[in-house]
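Student: This is the structure alone, sequence omitted:
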């Protein structure tokens, strides 16, 4: 999700640099690098015995994306205010970043609280809730993909509310 937010930020804040630097090779290298950096981290936790230290380190690492999401959202809003992008496109771009931030806050912050608060480790309800919310992450990613596509929301709204969405942001009833 951080990579999606970073990509959206770079498209808006540095469009020329992003257009000439974005290749499939760089995308593959970034994906492989993220997974390769994660492997030694996970393997090293397998051999540690002190669970409080492991939980604290995991909580800190899971908390790191929050300032990045906020920075990318603020930078994108600042860059969008200076551009001549149509309002519906601005709403879609900002909507995706807000959705990424909401997904992170709703699904992963309970787990961060569980890992960082020592009293919460003994709370079985928080344990189950945080585990269930993390397992809902693929469904949230699917929702994010739907919101990223152009026209999908218009089709969804027209089928659900019997509304017709014009390109000029005019909603009219089609009863």
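Tutor: That came through, no problem. Since the structure is predicted, the reported quantities are computational estimates derived from the model, not experimental observations. Residues are numbered from 1 along each chain as shown.
Student: And residue 76, how close does it get to residue 9?
Tutor: Here residue 76 is placed at a distance of 5 Å from residue 9 (C-beta to C-beta, to the nearest Å). C-beta coordinates here come from the backbone N, C-alpha and C atoms, glycine included.
Student: Mutual contacts of the two, please.
Tutor: Any residue near both residue 76 and residue 9 by C-beta atoms under 8 Å, 6 or more residues apart in numbering counts here, and that gives residue 97.
Student: ok, residue 150 touching residue 95?
Tutor: No - with contact defined as C-beta atoms under 8 Å, residue 150 does not reach residue 95; the gap is 12.0 Å.
Student: Looking at the two, which is more packed in?
Tutor: The residue with more neighbours, out of residue 150 and residue 95, is residue 95; 13 against 9, by other C-beta atoms under 10 Å.
Student: ok, the more buried one to residue 20 distance?
Tutor: With C-beta to C-beta as the criterion, residue 95 and residue 20 are 27 Å apart.
Student: For the chain, which segments count as helices?
Tutor: Under the criterion DSSP state H, the chain contains helices at 2-13, 15-21, 24-47, 51-63, 65-81, 87-107, 109-116, 124-135, 137-148, 152-160.
Student: And the second one, what does it pack against?
Tutor: Translated: helix 15-21. Helix 15-21 sits against helix 2-13, with contacts defined as 3 or more C-beta pairs under 8 Å, 6 or more residues apart in numbering; DSSP states H and E.
Student: Which residues outside the helix it packs on are in contact with it?
Tutor: 17-18, 30-31, 34, 65, 68-69, 72-73, 75-76, 79-80, 83, 93, 96-97, 100-101, 144.
Student: I appreciate the help and will end here.
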